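In: What follows is a protein structure lacking sequence information:
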C-alpha cells in the first residue's frame, strides 16, 4: 500500500463563541495565502463564550506570522500524523489496527475521502508516539 505519512504540527487558537469568531481568524490565514488541509473548531464548555480552532498545516514565514498575530500557536499537547493515499474500503480500520498492534493509542482521528484519495489526521499522546506511528505506517 502506497501512503504518504508524516508528522505535522497542529496549530490552535482561542476564538470568540459568536457569529464571525471563526471567520475572523480564518480570514487572517486566507489573507496570508495559507492553504489549509485540516480545520476543526468547537466550543469550549469549560470556558463559556470561547471556542477553539485547530488547523494544519501552516508553512512559511508569512503564514506563521499571520497565524501568531491572531493567537495561533503550535499545540504542545497534540501530536498528529497525516496519512494520505488511495482510498479503499476499511483503510482507517486497517491503519488503526496497525498502530494498535504497535502499541499506539489514538486520542483522536479525523478522516475524509475526496474522489479516489483519503486523508487522515491521527492524534496521538506524545512526540515519541507520533514518530513511532510514522515508522509503523511508512512500512505499510
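Out: That came in fine, so what should we check first? These numbers were taken from a predicted model, which means no experiment stands behind them. Numbers count the residues shown, from 1 in each chain.
In: Which stretches in this structure count as helices?
Out: Listed in chain order, the helices found in the chain under DSSP state H are 21-31, 60-69, 91-101, 127-138.
In: need those in a markdown table with mean pLDDT, can you?
Out: What follows is these, written out as a markdown table (pLDDT from 0 to 100):
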| stretch | mean pLDDT |
| --- | --- |
| helix 21-31 | 96 |
| helix 60-69 | 95 |
| helix 91-101 | 97 |
| helix 127-138 | 97 |
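In: what's residue 87 sitting at in phi/psi?
Out: Geometry field for residue 87 lists phi and psi as phi -70, psi 140, criterion degrees, to the nearest 10.
In: I figured it hits residue 113, correct?
Out: Yes: with contact defined as CB atoms under 8 Å, residue 87 counts as touching residue 113 (4.8 Å). For glycine as for every other residue, the C-beta is placed from the backbone atoms N, C-alpha and C.
In: rewinding a little: mean neighbour count and distance to residue 80 for the helices of the chain - can I get that in CSV?
Out: Written out in CSV, the entries for the helices of the chain read as follows (neighbours: other CB atoms under 10 Å; distance: least, CB to CB, whole Å):
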stretch, mean neighbour count, distance to residue 80
helix 21-31, 16, 18
helix 60-69, 15, 16
helix 91-101, 15, 13
helix 127-138, 17, 7
